[in-house]
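Peer 1: Just the structure for this:
(chains A and B)
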Amino acid sequence: MTWWEVLVQQTINGLTRGAVFALIALGYTMVYGIIELINFAHGDVFMLGLFISLAWFTLLGVTRTLTAWQLVTVLPLVFVLTMLSTAVLNVAIDRAAYRPLRRSPRLAPLITAIGVSFMLENVALLWKGPAPIAYPDVFPSVDILRDWFGVDSAIFVTTKDVLVVAATVPLMLALQWFVTRTTWGKAMRATAQDRETAAAMGINVERTIVLTFFLGGALAGAAGLIQGMYYNIGQWWMGYQAGLRAFTAAVLGGIGNMPGAALGGLFIGFLSAWSDQYISARWTNALVFSILILVLVFRPHGLLGERTADKV
Amino acid sequence: MRRSRITAVTIALGTLLALVAGTDVGRVGAQQCPKGKLRLYTSWPMQGAMLPEGTGMKNGVELAVSEVNGVVAGYCLEIVGLDDASPQTGKWDGAVEAENANKAVADPLAIVYIGTYNSGAAKVSIPITNRAHMAQVTPANTYPGLTKKRGAAPGEPEIYRPGGFVNYFRPIPADDIQGAVGAKWAKRLGAKKVYILNDQELYGKGIADVFEATAKKIGLPVVANEGMDWKQPDQKPLLTKIRASGADLVYLGGVIETGAQVVIRQMKEVGLTAPRTRFMGPDGLLEEELLKGATCDAALATDMRVTFAGLPFEKMRGIGARTYETYKSKYGKEPTSYALYAAEGGRVIVAAIRRAAPEIERAKDVTGKREAVRRAIASTKNFEGINGKWSFDENGDVDYDTMSGFKAVKADTPVGCKFQFETILE
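Peer 2: Here you go, the predicted model:
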């Protein structure tokens, strides 16, 4: 491999890695934007998304690689079912754990979120056991350059890589459109800006919060499904790990800012892939978090975030 | 030595009895204890999922004692079997293990402590038996830090030896040996350039470091020995780097729980496949679960190989083969993983008591008796063991490095492939 082939390959690796982070980060940032809660349980909703998607596949009788026909029928169905399941789960979490604490000091829901996170992890532990679970190869993996174009290159791009980008980008664009162009999106933005005033203006704040949790949960479910199909492995504690990275992405982009979360996710994806290559895998986490600290020192509101000093 | 072990023992015993008692060689085998009784305490889990292995190890010790009809140099041997699992969890428990060791130490007839199964439990009992000058022999602990610095945590193994002497012996190779044997095997397989990964945990890092050191010594170039973030389900960037480095063997120091599945699977996805690049790992990866998670496709594509401490029972030669047959005919089933090592430990103890018999007799108190046996075990040399001839080194470890090599092959199993014995590594 020449140096540019390595760079291109690592950039592709970073892109797929970052796209999943971005999808999870969106859920964090949306909830923070609306109720200023760092929803630590979000990563675990993502983890359950992976488990639930596997359950849907099993329920629909899919245990092997999908055929072309199934790709256009079963796969979209599983996407919808998984996203609905995790969306409902996320709304239920809000209803049971966060809503009763809506008027409490901010620390109370934060600690509750950590508790919910533990509960979800233990649910997964009871459900699937402590060992890593093998996610079947449902999505066909084809070496695009070689098998489709007959190019013998040192660079590997598989259909799975394409899947990650092809599934995450439309989801992010759809979310962006929803938030900026629809009435419900307007309500979300208004609630995020100032909950009391929004309520005074006739916006149903509670309904808006439910909607936010619903969307965040749906995205986490999609991320879980994508991760399952892409990496073919799942484990009960994976949500904590992924959540930490995604939360970092959200903070990096400016928490509460949606394009920022997407950007932050991709940024961490690229950064960690390049660091694995050019520095050492052992230092990747240290590097990612050092960059986070630097960004927060020089731009406390994140890469794209707005100043929130006046919002007390 | 092709003589039957039992014959050898009988002759030795006969000679000894003839010398000591001066008469009555014909009465060897009768349960007579002119010099009294000595007790061997065993301690490992004897319940739940561990019951088969626990019973297997107990059978092994019994086998060794029954070979001399329970009498050594006029001392009758009695086995006292203890369970170190807590009834609540069914797993080994430090408190129970400590209680067992204290019970053994408090018994004036107890001469040797045999155990444990879990290395963590040994950490608890070794200091207790050490203070009492009582030898402890394990049939199963393989964690290096219990006896040596290589692959150990800071302070080990001294923290287990409050008396400043070695009282803990293992007639089974420790984990770190696998790194050394793995490196030699890699060279034999024609590897030219190795990339070592480790999971940054005690077991995996220890083995990887030994692999690296050995590889350098035997002239096998090592690109790097890199710690990976195994909690990350994506190792593609790291594996891409390995591909760019041109390494033709990836060695992973780790266990099935620390990301091995992801590494093997993604090796195939980034094009790290045989004959260009192969995969090798230690016995922490010798599990069918791994093949399932990594997929047979990837395991076969990477020409996956795994080392295993000691020999599989059916490949043992000489005494090992005979012990295996004796065990099967005596107990009517296959020995469990560590049953024959328990038998080996039992034989080491029997031989040591025989050699130490005069000192045991001269000893003034129970500590003196135990100390005599401890010294005798420590001086075990050229012992005819199940994996060949060996001696204890100054740490109480065996000095042989006989291992076996396994390879992933296609098979008619639900998973679609399995690990098959490939070669003996020495």
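Peer 1: Tally up the residues packed near residue 216, please.
Peer 2: Using chain A here. The number of residues packed near residue A:216 is 28, by other CB atoms under 10 Å in any protein chain shown. Yep, even glycine has a C-beta here, placed from its N, CA and C like the rest.
Peer 1: wrong one, I was asking about chain B
Peer 2: For residue B:216, the number of neighbouring residues by other CB under 10 Å comes to 12.
Peer 1: ditto for residue A:240
Peer 2: The local packing count at residue A:240 equals 17, with neighbours defined by other CB under 10 Å.
Peer 1: Quickly find the element holding it.
Peer 2: Using DSSP states H and E, residue A:240 sits within helix A:238-253.
Peer 1: show me where pLDDT drops low in the chain?
Peer 2: I'll assume chain A. Low-confidence segments of chain A (pLDDT under 70): A:306-312.
Peer 1: not quite, I wanted chain B
Peer 2: Chain B contains residues with pLDDT under 70 at B:1-31.
Peer 1: roughly how far apart are the residue nearest to residue B:53 when sequence neighbours are not counted and residue A:269?
Peer 2: Distances taken as CB to CB, 6 or more residues apart in numbering or on different chains put residue B:336 closest to residue B:53, at 4.7 Å, once the chain neighbours are dropped. Residue B:336 sits 47 Å away from residue A:269 when distances are taken as CB to CB, to the nearest Å.
Peer 1: and those two? which has more neighbours close in?
Peer 2: Using other CB under 10 Å, the more surrounded residue of residue B:336 and residue A:269 is residue A:269, with 25 against 21.
Peer 1: Is the more buried one in contact with residue A:23, as I believe?
Peer 2: No - here residue A:269 lies out of contact with residue A:23, judged by CB atoms under 8 Å, at a distance of 11.1 Å.
Peer 1: What number of residues are in the vicinity of residue 227?
Peer 2: Defaulting to chain A. Burial of residue A:227, expressed as a neighbour count using other CB under 10 Å, amounts to 26.
Peer 1: right idea, wrong chain: chain B
Peer 2: The number of residues near residue B:227, taken as other CB under 10 Å, comes to 20.
Peer 1: Please parse chain B into its domains.
Peer 2: B:5-173+B:313-390, B:177-309+B:403-425 (automatic domain parsing).
Peer 1: Please identify the most buried of those domains.
Peer 2: Mean neighbour count (mean count of other CB atoms under 10 Å in any protein chain shown) peaks for domain B:177-309+B:403-425 among the domains of chain B, with a mean of 21.
Peer 1: That domain vs chain A: in contact?
Peer 2: Yes - remark: domain B:177-309+B:403-425 sits within contact range of chain A at B:200, B:224, B:226-229, B:231-234, B:236-238, B:240-241, B:243-244, B:257, B:261-262, B:265, B:269-271, B:289, B:292-293, B:295, by CB under 8 Å from any CB of the partner chain.
Peer 1: Relative to the whole chain's centre, how far out is stretch A:40-53?
Peer 2: 10 Å (CA atoms, centre = their mean, to the nearest Å).
Peer 1: For residue A:83, give its distance to residue A:215.
Peer 2: 10 Å.
Peer 1: Sorry, wrong one. I was asking about residue B:44.
Peer 2: When CB to CB is the yardstick, residue B:44 and residue A:215 sit 54 Å from each other.
Peer 1: Nearest spatial neighbour of the closest residue to chain A within the stretch 1-150 of chain B, chain-adjacent residues omitted?
Peer 2: Nearest residue of the stretch 1-150 of chain B to chain A, counting by CB to the nearest CB: residue B:91, 13.2 Å away. When the adjacent residues along the chain are set aside, residue B:91 lies closest to residue B:85, with 5.8 Å between them (CB to CB, 6+ apart).
Peer 1: For the one you found, name its beta-bridge partners.
Peer 2: According to DSSP bridges, residue B:92 are recorded as the beta-bridge partners of residue B:85.
Peer 1: which residues touch the residue of the stretch 201-350 of chain B found nearest chain A?
Peer 2: Minimum separation of the stretch 201-350 of chain B from chain A (CB to the nearest CB) falls at residue B:237, amounting to 3.6 Å. Taking CB atoms under 8 Å, 6 or more residues apart in numbering or on different chains as the definition of contact, the neighbours of residue B:237 are A:10, A:13-14, A:17, A:272-274, A:276-277, A:281.
Peer 1: so how far is residue A:278 from it?
Peer 2: Residue B:237 sits 10 Å away from residue A:278 when distances are taken as CB to CB.
Peer 1: ok, now which ones touch the residue in the stretch 301-426 of chain B positioned nearest to chain A?
Peer 2: Closest contact between the stretch 301-426 of chain B and chain A, by CB to the nearest CB, is at residue B:415 (10.1 Å). Residues in contact with residue B:415 (CB under 8 Å, 6+ apart) are B:288, B:291-292, B:296.
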